[in-house]
Every structure is written in structure tokens, then in C-alpha cells.
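Student: For reference, the sequence and a predicted model appear below.
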Amino acid sequence: MAQAETITVGGKNFTEQLILADMTVQYLESKGHAVDERSGMGTAVLRQAQESGQVDLYWEYTGTSLISYNKVTEKLTPEQGYQRVKELDAEKGLIWLEPSNANNTYALAMREDHAQELGITSISDLAEAINSGNELVLASNATFYSRDDGLRPMQETYGFEFGRRNVKRMDQGLTLPALDQKEVDVAMTTATNGRIPAMDLTVLKDDLQFFPDYALTPVVRQETLEENPELAEQMNALSALLDDATMARLNAKVDVEKENIEDVSQSFLEENGLL
């Protein structure tokens, strides 16, 4: 069991999560909390660590808890998904605080100039362009190509098809570079990928809300919150500052500009008056 006087902050093993864990540690320390950091963990391991009391607080995605931990398969709006996961996890002693506006879900991106040229801002616009005879090539990873919230059902929802020969499968890390280098016209990605702002790409609006919501939200153990009630207000203040564009910019500073995670976190907190 984590000690009452020390808050253990966890994080997963990819850039966005490493930034958030470090930012949370710096922020809470500045508020007078004693904090331990346990970042760089696998998703399932981190969740188990929180349930067992080894981790008090970390940032989770609504869709991950709904689908992976609670096995919810029905289609829910973002608000319904948040409320459902809040209820289900409360039964396990985990409290979901206020969700941010950062939603790290699947997304489709195009080069900004090409999207403007074709008048495409949403996936519905993309469907209309393809159904009007434009042959556009998609870069997709194997998972998106085959999964239940991936390519095939998305095409059915929006009423169009790239066509098998117009889908190039590749590692996820290669989809945006292929788009940037004009090897393809559209690329699957995730909404807060740091390369999006770095490459002048446009993320197409999921106007029919096909993709599940993966709202980035601070989750804290009920026991920890009871011992530190001020945590809710403090973490909600930080959550309110985050959206897709902000997270993509922070991710880009680390992944593209090779800045130090601690420096990126500190600058963000200082810019927003939290340090």
C-alpha cells in the first residue's frame, strides 16, 4: 500500500505518457506533495499496480479502460463512455477526475495543402471525394486494417471504400512519413501524434463519431483522494489545459525536436502559471 504522505505517480512507456507523468510529478511537488514516480510501465501492468495500491495516480484513456479493462463493446458517445467508465472503475476504488480535451484515438490525416485543394476537412468529405472518382491511397498499419474499430467498419459507416489496391500496409511509425513524402494521400495515425504539427498535416474530423473516444483523464485511487482531497482540484486544473493540439505540440518537442522531457514539462507548467 502506498504511504499516505507519498503520492506515487505512474505512467506508460511512450512519449505522451512519459511527459504527463513527469509534468504531474513536477506540478504536485510544487504544491507541497511528496511524490514518487513510476513511469515507463506497460498498460496492463500499470493498471494492476494502481488496483493493488502500488500506484496512486496516472493518466488513462477512457477507451482503454472501457474496452480493455471493462470489456464494454457497445457504441457510446464520449460523454456516455466517460460516465460508464467512471461508474465501473469507482466499484474498484478508482476515481476518474475531469477528462481533458485530448483524445488520443485513431485518426486520418492528409497533407494540409492537398486537403485544402480537394476541399476535405472531415471523413465525410473524404468519402464524397472518393465516391466522386478521386483515387486516394491510404497508409495503414496491420492492426487498423483488421480491427473492429478500424478500416473496414469505418468505411461501412461512412459509405465509401479506398479499394484494396489503394491501401498500403506498413508499420505505424512509417504512415506519416509516407504521407509527408507524398507516397500516399491519406494516413492513419493517432490524434495527438507529435509529427502532425511538425509536418503541416490536417487531421480529418470524425464527424460521424465512428472512432471510440480515448479522452486523456487523471485517475486516482479513492483512498489517496480521501487522504489528499485537494488532489481533485489540482489535477482538474492541469487536465483543463490539455487538448489534441497541445499534446501533439508537446510530443513533437520530444520526438521531433529532441528536447528533454523534464524541460518540456517545466516550460509548459510555467507558461500556464502552474509552477
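Tutor: Received it, and whenever you're ready, just let me know what you need.

Student: So which residues make contact with the biggest helix by length in the chain?
Tutor: Longest helix of the chain, by residue count under DSSP state H: helix 15-30. By C-beta atoms under 8 Å, 6 or more residues apart in numbering, the residues outside helix 15-30 that reach it are 7, 9-12, 35, 37, 39-40, 57-59, 104, 192, 194, 216, 218, 231, 234-235, 238, 247, 250-251, 254-255, 261-262, 264-266, 268-269, 274-275. Backbone N, C-alpha and C define where each C-beta goes, glycine included.

Student: Buried residues of it, list them for me.
Tutor: Going by neighbour count (16 or more other C-beta atoms under 10 Å), the buried part of helix 15-30 is 15-28.

Student: now stretch 192-206
Tutor: Applying 16+ other C-beta under 10 Å to stretch 192-206 flags 192-196, 198-199, 201-206 as buried.

Student: Now for the residues you listed: which two are most distant?
Tutor: For the buried residues of stretch 192-206, the maximum inter-member distance is 21.9 Å, found between A198 and D206 (C-beta to C-beta).

Student: now for the buried residues of helix 15-30, which pair is the farthest apart?
Tutor: By the measure C-beta to C-beta, T15 and L28 form the most distant pair in the buried residues of helix 15-30, at 20.6 Å.

Student: Go through the buried residues of stretch 192-206 and say which is closest to P153.
Tutor: The shortest approach to P153 among the buried residues of stretch 192-206 belongs to D206, at 12.8 Å (C-beta to C-beta).

Student: I figured that closest one was touching T121, is that so?
Tutor: No - using C-beta atoms under 8 Å as the test, D206 is too far from T121 to be in contact (11.4 Å).

Student: What about E98, how many residues nearby?
Tutor: 16 (other C-beta atoms under 10 Å).

Student: re earlier: quick one: buried ones out of the contacts of helix 15-30?
Tutor: Buried by 16+ other C-beta under 10 Å: 7, 9-12, 35, 37, 39, 57-59, 104, 192, 194, 216, 218, 231, 234-235, 238, 247, 250-251, 254-255, 261, 264-266, 268-269, 274-275, out of those.

Student: Go ahead and name everything in contact with stretch 125-133.
Tutor: 108, 110, 118-120, 136, 158-162, 186, 204.

Student: which residues sit in contact with the residue nearest to the spatial centre of the chain?
Tutor: Central residue of the chain (C-alpha atoms, centre = their mean): N104, 2.1 Å from the mean position. Contacts for N104 (C-beta under 8 Å, 6+ apart) come out as E16, Y61, T190, A191, T192, Y214, L216, D244, M247.

Student: next one: L97
Tutor: With contact taken as C-beta under 8 Å, 6+ apart, L97 is in contact with T217, P218, V219, V220, A232, M235, N236, S239.

Student: Quick one, grab the pLDDT at it.
Tutor: Reading off the confidence values, L97 has pLDDT 98.

Student: Same question for the one 4 residues further on.
Tutor: Model confidence at N101, expressed as pLDDT, equals 97.

Student: Okay then, goodbye and thanks.
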